[in-house]
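> only geometry, no sequence info:
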């Protein structure tokens, strides 16, 4: 698998996102987010930062 710095912006696919999320949360399957409290907390933090960024980008227009 390629590292993020090997992929130009805009070329990431759904599988890349899935792989990154699983690595970041320390899980093998996204289904683990339902049963692994630590992974779920990590995911919620990632989601919160993403939503904050998206909100800032939308208000900048």
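Perfect, I can see it now. Source: prediction; values computed, not measured. Residues are numbered from 1 along each chain as shown.
> going forward, measure contacts between C-alpha atoms and count neighbours the same way
Fine.
> distance between the ends of stretch 15-35?
Chord length of stretch 15-35, first to last residue, is 22 Å (CA to CA, to the nearest Å).
> mind listing what's buried in that stretch?
If you call a residue buried by 16 or more other CA atoms under 10 Å, then stretch 15-35 has these buried ones: 16, 21, 22, 25, 27, 33.
> same question, stretch 40-57
40, 42, 43.
> what does stretch 41-58 rub up against?
21, 24, 25, 33 (CA atoms under 8 Å, 6 or more residues apart in numbering).
> farthest pair within these?
24 and 33 (11.9 Å; CA to CA).
> re earlier: just the buried residues of stretch 15-35: which are in strands?
When these are checked against strands (DSSP state E), there are no matches.
> turn those into a markdown table, including pLDDT and distance to residue 53.
Listed next are those as a markdown table, based on pLDDT from 0 to 100; distance: CA to CA, whole Å:
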| residue | pLDDT | distance to residue 53 |
| --- | --- | --- |
| 16 | 86 | 20 |
| 21 | 92 | 17 |
| 22 | 93 | 21 |
| 25 | 94 | 20 |
| 27 | 96 | 24 |
| 33 | 96 | 22 |
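> gap between the longest helix along the chain and the chain center?
The residue-count maximum for a helix in the chain (DSSP state H) belongs to helix 37-60. Mean-position distance between helix 37-60 and its chain equals 9 Å (CA atoms, centre = their mean, to the nearest Å).
> great, nothing more from me.
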